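S.K.: Structure for the following, please:
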Amino acid sequence: MVNRNLIRGLDIDEQEWEGELTLAMDGNDPAEIDWGAGDISINKVVEGKVLRIEGDFVLVDVGYKSEGMIPRNEWEEGEELPAPGEILRVLIEEVEDIEARLETATSMITLSKRKAEKIEKWLKVMETVHEGDVVTGNVTRKIKGGLLVDIGVNVFLPASQVDIRRPHDIGDYIGRTIQCEVLKIDDARRNIVVSRRALIERERADKKAQLLSTLEVGQRRKGIVKNIADFGAFVDLGGIDGLLHITDMSWGRIAHPSEMAHIDQELEVQILHIDREKEKIALGLKQKSASPWEKVADKYPVGSTHKGTVVNVMTYGAFVKLEEGIEGLVHISEMSWVKRISHPNELVHTDDEIDVMVLGINKEKQEISLGMKQCQANPWNEVANRYPPGTIVRGKVRNLTNYGAFIEIEEGIDGLLHVSDMSWTRKISHPSEVVEKGHELECRVLSVDQQRRRIALGLKQLQEDPWATDIPNKYQPGQKVTGTVTKLTNFGVFVGLENGLEGLLHISELADHKVENPEDVVKVGDQIEVKILRVDTDDRKIGLSKKRVDWTEDANGKGEEGKAKSPSDAVASASTAELKGGIGGGSGPLFKATPDE
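M.R.: Now for the predicted structure:
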């Protein structure tokens, strides 16, 4: 059965083919040749009797008044020339003065034995070859769009029909004897189109059906590598191709299938999967040998150390080959105890040999977790001994956060300087108010949490706590001091007394009258005189009053506006009453005054 769809898809250049066919006819236009019987005329094949040989011509009687001449060079060198009386089939090429009837007229008939032979070959082929027949011929040369194949006459083999997969250079077929299927015979144009691909596909279809019926998963079959791609190799099993995927070529790592196979190589492969409906077959090469993962837990128990070779470095870690087919991942977090690594190539490179420890095995997923740092001593195990609480250390500010600064005291060992441990007296909102990134400073170790790998540092602890002695001694209840307004809030005013030491002037202590907004009374930066109401060393607060600056205290501890008391009266009153004041809360008295003796 001729595939008409295939024929319609062929790209045959009519002009090109006419030129090739004319060439095959030794220059005669096929349309002008008299292919049938009839009277003698130009371009007609007739029989003639050899008369004699004269010079470079063989004279032949073709039934004309004049003799016909065939050039002697139409016989190959060494070929025996015809004997007088021998009958030849010749083509009448040209007749001069063929209508002249005068006895003295000279007529010349040009004949061709070679062209006649070619024309009759075409006639014979046209009679004996049919569409769908299989023919054998020799590839003679390459033309535009395909090849010429000599099956007795030249026929056209389109490039798309040379093979199932189009060859890189169809010129490689020149000189080869091939079999093709006749796709189309054009009687009018006297040309034949053939296909080698159609014949191969039909043969493969027959073989494929037969082969599929005998294939089973687990079988081992020999095949020929037909094509190689980045993802694997296609292997011809004898009528059907199977895919040997790159992951099924070797238990080890390979970069490209060409490392394991090459085109036309014979391989023995194992059948892994068969999809009979889609006619797809998955093949394996590594499955012919036992998987090295079968005994991986016995050979590489968790906690054991081994030497391995780095085979690949990724952003998240490095793959290390322990043996052929066995690789593990060293995650970036398992490379160093203390170094901050942005990329694994800061520590390892491909082909490096390193020591690793097995951290975990997942046999089902064929994964091994490895560690590099576990092969080294953990410096955090000695941190508690090297930096006991109270130790003064020097380090560099590595990073700032809202809650403090990280100080690197040695490579990979950071301590946290919390904002609350930066100053005894100042209220620090952000660590940048005290330290800057990159600065070196001294701190005192406050605590070490070895398990959580944390060190707490203090800056203010390098000095004595002024709230223990200095502040209570310097600022006592009832004392008048001058300070600067540093901050206004809806509940009062903060007044700076010295070096970051502040006291709170509650809104109720600003004036005798009720104050809705502290800004109505004072402004930031104002110098004001205040009276100390209380000093809370536990909460580290100083309570202040502005309205009581000129007040005196009565026996009940209540201030009397405009009435001054003598020192002895004040002491007497204080002896029977508790000092109060502060921010208007109910926290109770902080101090009790005792009379001087």
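S.K.: Point to the residue nearest the middle of this structure.
M.R.: For the chain, Met314 is the residue whose C-alpha lies nearest the centre (Cα atoms, centre = their mean; 11.0 Å).
S.K.: For burial, what's the neighbour tally of Val521?
M.R.: 19 (other Cβ atoms under 10 Å). C-beta here means a position set from N, CA and C on the backbone, and glycine is covered the same way.
S.K.: Identify the residues contacting the closest residue to it other than its chain neighbours.
M.R.: Spatially, and ignoring its direct neighbours in sequence, Val521 is nearest to Leu510 (4.8 Å; Cβ to Cβ, 6 or more residues apart in numbering). Residues counted as contacts of Leu510 (Cβ atoms under 8 Å, 6 or more residues apart in numbering) are 492-493, 518, 521-522, 546-547.
S.K.: what separates Leu510 from Gly317, distance-wise?
M.R.: 64 Å (Cβ to Cβ, to the nearest Å).
S.K.: Leu147 against Arg141, yeah?
M.R.: Yes - contact status for Leu147 versus Arg141: in contact at 7.3 Å, counting by Cβ atoms under 8 Å.
S.K.: which one of those two has more residues nearby?
M.R.: Using other Cβ under 10 Å, the more surrounded residue of Leu147 and Arg141 is Leu147, with 26 against 13.
S.K.: Next, that one: phi, psi?
M.R.: phi -130, psi 150 (degrees, to the nearest 10).
S.K.: partner residues bridging it?
M.R.: Counting by DSSP bridges, Leu147 forms beta bridges with Lys142, Leu157.
S.K.: What distance do you get for it to Leu199?
M.R.: Taking Cβ to Cβ, one finds Leu147 at 15 Å from Leu199.
S.K.: same deal with Asp150?
M.R.: 17 Å.
S.K.: With neighbour numbers in mind, choose between those two.
M.R.: Counted by other Cβ under 10 Å, Asp150 and Leu199 do not tie: Leu199 has more neighbours, with 18 against 14.
S.K.: quick one: contacts for that one?
M.R.: Leu199 touches 134, 179-181, counting by Cβ under 8 Å, 6+ apart.
S.K.: a strand runs through it, doesn't it?
M.R.: No - counting by DSSP: H, G, I helix; E, B strand; the rest coil, Leu199 is not part of a strand but helix.
S.K.: From Val162, how far off is it?
M.R.: Counting by Cβ to Cβ, the gap from Leu199 to Val162 is 11 Å.
S.K.: what do you get for Lys226?
M.R.: 15 Å.
S.K.: Likewise for Tyr173?
M.R.: 6 Å.
S.K.: Do a quick rundown of the strands in the stretch 151-300 of the chain.
M.R.: If DSSP state E, counting those that start in this stretch is used as the criterion, the strands of the stretch 151-300 of the chain fall at 154-158, 177-186, 191-195, 220-229, 232-236, 241-245, 266-275, 280-284.
S.K.: quick one, the last one and strand 220-229 angle?
M.R.: Right, strand 280-284. Comparing the axes of strand 280-284 and strand 220-229 via axes from the mean of the first three to the mean of the last three Cα atoms, to 10 degrees yields an angle of 100 degrees.
S.K.: Note down every partner strand of strand 280-284 and its orientation.
M.R.: Assessed with DSSP bridges, strand 280-284 is paired to strand 241-245 (parallel), strand 266-275 (antiparallel).
S.K.: now swap in the second one and tell me
M.R.: Counting by DSSP bridges, the strands paired with strand 177-186 are strand 134-143 (antiparallel), strand 191-195 (antiparallel).
S.K.: Pick the most deeply packed of the strands paired with strand 280-284.
M.R.: Across those, averaging neighbours per residue (mean count of other Cβ atoms under 10 Å) puts strand 241-245 on top, at a mean of 21.
S.K.: Mind listing residues that contact that one?
M.R.: Outside strand 241-245, the residues touching it (Cβ under 8 Å, 6+ apart) are 223, 226, 231-235, 257, 261, 267, 269, 271, 280-285.
S.K.: Please indicate which of those are buried?
M.R.: For the contacts of strand 241-245, a burial check counting by 16 or more other Cβ atoms under 10 Å picks out 223, 232-235, 257, 261, 267, 269, 271, 281-285.
S.K.: which one among the residues you listed gets closest to Gln463?
M.R.: Nearest to Gln463 among the buried ones among the contacts of strand 241-245 is Pro257, at 72.0 Å by Cβ to Cβ.
S.K.: Isn't the closest one up against Thr247?
M.R.: No - counting by Cβ under 8 Å, Pro257 does not reach Thr247; the two are 10.2 Å apart.
S.K.: ok, Asn499 touching Gln463?
M.R.: No - at 11.5 Å, Asn499 does not count as touching Gln463 under the criterion of Cβ under 8 Å.
S.K.: So this structure: which segments form each domain?
M.R.: Following the assignment in automatic domain parsing, the chain carries domains at 33-121, 214-288, 292-375, 380-462, 473-549.
S.K.: and those, which one's lowest on average pLDDT?
M.R.: Mean pLDDT values for the domains of the chain show the minimum at domain 33-121, a mean of 76.
S.K.: What ranges does the protein have for its helices?
M.R.: 4-8, 14-24, 113-128, 196-212, 296-299, 380-386, 470-474, 567-576 (DSSP state H).
S.K.: can you give me the angle the longest one makes with strand 154-158?
M.R.: Spelled out, that is helix 196-212. Using the same axes, to 10 degrees: helix 196-212 against strand 154-158 is 60 degrees.
S.K.: Pull the distance from helix 196-212 to the chain's centre.
M.R.: Taking Cα atoms, centre = their mean, to the nearest Å, the mean C-alpha location of helix 196-212 is offset from the chain mean by 39 Å.
S.K.: What about Glu96, how many residues nearby?
M.R.: Neighbour tally, Glu96, other Cβ under 10 Å: 12.
S.K.: Just confirm it contacts Met108, I think it does.
M.R.: Yes - assessed by Cβ under 8 Å, Glu96 is found in contact with Met108 at 4.6 Å.
S.K.: Look up how far Lys208 lies from Arg166.
M.R.: 21 Å.
S.K.: To clarify, my last question referred to Leu446.
M.R.: From Leu446 to Lys208 the distance is 80 Å (Cβ to Cβ).
S.K.: Repeat that for Glu279.
M.R.: 7 Å.
S.K.: More neighbours: these two, which one.
M.R.: For Glu279 versus Lys208, the count of surrounding residues by other Cβ under 10 Å is larger for Lys208: 17 against 12.
S.K.: For that one, list the residues it contacts.
M.R.: 239-240, 279.
S.K.: If we use 10 Å, what do you get?
M.R.: Neighbour list for Lys208: 201, 237-241, 279 [criterion: Cβ atoms under 10 Å, 6 or more residues apart in numbering].
S.K.: ok, now Leu441?
M.R.: 393-397, 405, 407, 417, 434-435, 457, 459, 462.
S.K.: Run a quick check on Arg165 versus Ala159, I expect a contact.
M.R.: No - the pair Arg165 / Ala159 is not scored as a contact, 12.0 Å apart, by Cβ atoms under 10 Å.
S.K.: what about these two, which has more around it?
M.R.: Comparing Arg165 with Ala159 by other Cβ under 10 Å, the one with more neighbours is Ala159, at 17 against 10.
S.K.: hang on, isn't that one packed against Leu147?
M.R.: Yes - under the criterion of Cβ under 10 Å, Ala159 makes contact with Leu147 at 7.4 Å.
S.K.: any shared contact partners between those two?
M.R.: Ile170.
S.K.: one step back: quick one: which two of the contacts of Leu199 are the most distant?
M.R.: Those two in those that are separated most widely, counting by Cβ to Cβ, are Gln179 and Glu181, at 8.1 Å.
S.K.: Find the residues that touch each one of those two.
M.R.: With contacts taken as Cβ under 10 Å, 6+ apart, the residues that reach both Gln179 and Glu181 are 134-135, 194, 196, 199-200.
S.K.: Most widely separated two among those?
M.R.: It's Val135 and Ile200 that sit farthest apart of the shared contacts of Gln179 and Glu181, by Cβ to Cβ, at 14.4 Å.
S.K.: returning to what we had before: which neighbours do Asn499 and Gln463 share?
M.R.: The contact sets of Asn499 and Gln463 overlap at 423-424 (Cβ under 10 Å, 6+ apart).
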